[in-house]
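Asks: generate a structure from the sequence data that follows.
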Amino acid sequence: MKIVIIGGSGLIGSRLAARLRQAGHDVNAASPSTGVNTLTGEGLKEALAGARVVVDVANSPSFEDEAVRNFFETSGRNLLAAEVEAGVAHHVALSVVGTERLLDSGYFRAKQLQEDLIEASPVPYTIVQATQFFEFVGGIAASSVQDGVVRLSDALIQPMAADDVAAALAEVVTELPARGRIEIAGPQAVPLDALVRRFFEATGDTRRVVTDPGARYFGVRLDDRSLTPGASPRLGAIRFDEWLAQRAAA
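Replies: Residues are numbered from 1 along each chain as shown. Model prediction:
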């Protein structure tokens, strides 16, 4: 089966491509570096020719409100139109658990727009909403620095490893389109501030983490439902401590 991965050279795309090739699929890991640009439409027709499944794991290079909206709207429209023309049977998109609850953030408003475009398209689809990745914990901490300390909410988060995200997507591409959303998450929910403290302990970061229930997460005030999945998510297998140990060994 021919599968095109948009964003195929990124954190998730590269892992997914490796898994799918190992399973015997014909994989095109498409990105601007391979001549496929969803913003301009360059190379899309050629890349999608004969594809049965398209997996969109691309992300905006800028999180500024207007830029991120333009990225997801323009690339989404171009990609879905090209899929209709190519007769693609299944569009799989990676999104974020809680997108609809995080709309105070321009990034999540743009992700919601992306999901709305997918739902309105005639292409059969599955939207895979994932919780935050372990690989981004350091970035979350960096975005939360105020006056030299890291101020974080103690709201629950249920993060997962990028390898588990890729594994879940590899399963979804072999399934019938859900014509709806599937949630995937890590095996354990923990307070966000505690997660970053554990990351700092493991990495030798000496910055102080201050618990602040009112601290914003990329502009959004959190509660225990903001970053956690519903009742029946598909759970990854890798726990945070295991991931930290793998990271240290690498």
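Asks: distance between the ends of stretch 201-212?
Replies: 19 Å (Cα to Cα, to the nearest Å).
Asks: quick one: mean pLDDT over that stretch.
Replies: The pLDDT scores in stretch 201-212 average 96.
Asks: and for stretch 68-84?
Replies: Averaging pLDDT along stretch 68-84 gives 98.
Asks: would you mark the buried spots in it?
Replies: Neighbour-count burial for stretch 68-84, counted by 16 or more other Cβ atoms under 10 Å, picks out V68, R69, F71, F72, S75, G76, N78, L79, L80, A82, E83. Every residue, glycine included, has its C-beta placed from N, CA and C.
Asks: repeat that for stretch 117-124.
Replies: Buried residues in stretch 117-124, counted by 16+ other Cβ under 10 Å: L117, I118, S121, V123.
Asks: residues contacting the last one?
Replies: Right, V123. L80, E83, V84, V88, H90, H91 (Cβ atoms under 8 Å, 6 or more residues apart in numbering).
Asks: any idea how far it is from R198?
Replies: 41 Å (Cβ to Cβ, to the nearest Å).
Asks: again with the first one
Replies: For L117, the distance to R198 (Cβ to Cβ) stands at 37 Å.
Asks: from the buried residues of stretch 68-84, which is closest to L16?
Replies: When those are compared for distance to L16 (Cβ to Cβ), L79 wins out at 16.5 Å.
Asks: what packs against the top helix by length along the chain?
Replies: In the chain, taking DSSP state H as the definition, the longest helix is helix 65-86. Applying 3 or more Cβ pairs under 8 Å, 6 or more residues apart in numbering; DSSP states H and E, we find helix 65-86 packed against helix 44-48, strand 53-56, helix 106-120.
Asks: could I get the ones you listed as CSV with distance to S62 and mean pLDDT?
Replies: What follows is these, written out as CSV (distance: least, Cβ to Cβ, whole Å; pLDDT from 0 to 100):
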stretch, distance to S62, mean pLDDT
helix 44-48, 21, 97
strand 53-56, 18, 98
helix 106-120, 10, 98
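Asks: now render these as TSV, adding distance to A215.
Replies: Listed next are the helices and strands packed on helix 65-86 as TSV, based on distance: least, Cβ to Cβ, whole Å:
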stretch	distance to A215
helix 44-48	41
strand 53-56	31
helix 106-120	17
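Asks: pick the most buried one from the ones you listed.
Replies: Of all these, strand 53-56 has the most neighbours on average by mean count of other Cβ atoms under 10 Å, namely a mean of 28.
Asks: could I have that one exported to PDB, CA atoms only?
Replies: Output of strand 53-56 as PDB, limited to C-alpha atoms (Å, rounded to 0.1, in the frame of the first residue of the first chain):
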ATOM      1  CA  VAL A  53      -3.500   6.800   2.600                       C
ATOM      2  CA  VAL A  54      -2.100  10.300   3.400                       C
ATOM      3  CA  VAL A  55      -0.800  11.000   7.000                       C
ATOM      4  CA  ASP A  56      -0.400  14.700   7.900                       C
END
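Asks: wait, isn't R181 in contact with I127?
Replies: Yes. Counting by Cβ atoms under 8 Å, R181 does reach I127; the two are 4.6 Å apart.
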